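Q: Fold the following for me, if possible:
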Amino acid sequence: MNTIRRYAAEDAHVIFGAAYDETLGDQLRVTVIATGLNQRKVAPLTVVQPSAAQSLRTGTDNLPILTNAVGSAQGNGPATHDYGNLNTPSVWRNGRTQAAAKVEALQSNGMDEIEIPAFLRKQAD
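A: Purely as a prediction, here's the structure:
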């Protein structure tokens with residue numbers, strides 16, 4: 001064991017085991033398994049803590065500030081949007097007609113109903 005410790009690093013984890021083989025008589029068989037020999041030691045990584053000014057950056061530095069509202073015409077007042085159709089749930093607004101069209105297209109191309117994915121059939125219903 002001392003011979004192994006001479007060649008191993010100071011922080012090496014050495015595991016010792018023993019097995020008896022009665023067929024060897026008075027002889028002794030030693031098996032040593034070693035890994036990581038002749039490898040360069042890797043320097044420990046140093047973690048650099050960013051300063052307070054760097055941690056507050058938002059990713060929009062050095063970009064011009066938006067002066068006009070998106071969608072407004074030259075800033076001539078607030079943009080108006082039609083929110084009337086939002087009273088209907090979005091699942092009913094567009095999902096069923098699109099899914100039904102996909103199912104009909106698949107059926108018209110000769111695909112059996114059982115071959116059409118169940119999630120498409122359920123969306124179309």
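Q: Run through who's touching the top helix by length along the chain.
A: Taking residue count as the measure and DSSP state H as the definition, the longest helix of the chain comes out as helix 96-108. Counting contacts by C-beta atoms under 8 Å, 6 or more residues apart in numbering, the residues outside helix 96-108 that touch it are Glu113, Glu115, Ile116, Leu120, Arg121, Gln123, Ala124, Asp125. All C-beta spots, glycine's among them, are computed from the backbone N, C-alpha and C.
Q: Only the buried subset of those, as a PyMOL command please.
A: To isolate the buried members of the contacts of helix 96-108 in PyMOL, using 16 or more other C-beta atoms under 10 Å:
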select buried, resi 121+123+124
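Q: which of the contacts of helix 96-108 lies closest to Gln49?
A: Gln49 lies nearest to Gln123 out of those, by C-beta to C-beta, at 50.4 Å.
Q: Three-state assignment for that closest one, please.
A: Under the three-state scheme (DSSP: H, G, I helix; E, B strand; the rest coil), Gln123 adopts helix.
Q: ok, back up a step: got JSON lines for the contacts of helix 96-108, with pLDDT and distance to Val30 too?
A: Shown next, in JSON lines, are these (pLDDT from 0 to 100; distance: C-beta to C-beta, whole Å):
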{"residue": "Glu113", "pLDDT": "78", "distance to Val30": "72"}
{"residue": "Glu115", "pLDDT": "80", "distance to Val30": "67"}
{"residue": "Ile116", "pLDDT": "75", "distance to Val30": "69"}
{"residue": "Leu120", "pLDDT": "73", "distance to Val30": "68"}
{"residue": "Arg121", "pLDDT": "75", "distance to Val30": "70"}
{"residue": "Gln123", "pLDDT": "71", "distance to Val30": "70"}
{"residue": "Ala124", "pLDDT": "70", "distance to Val30": "74"}
{"residue": "Asp125", "pLDDT": "68", "distance to Val30": "74"}
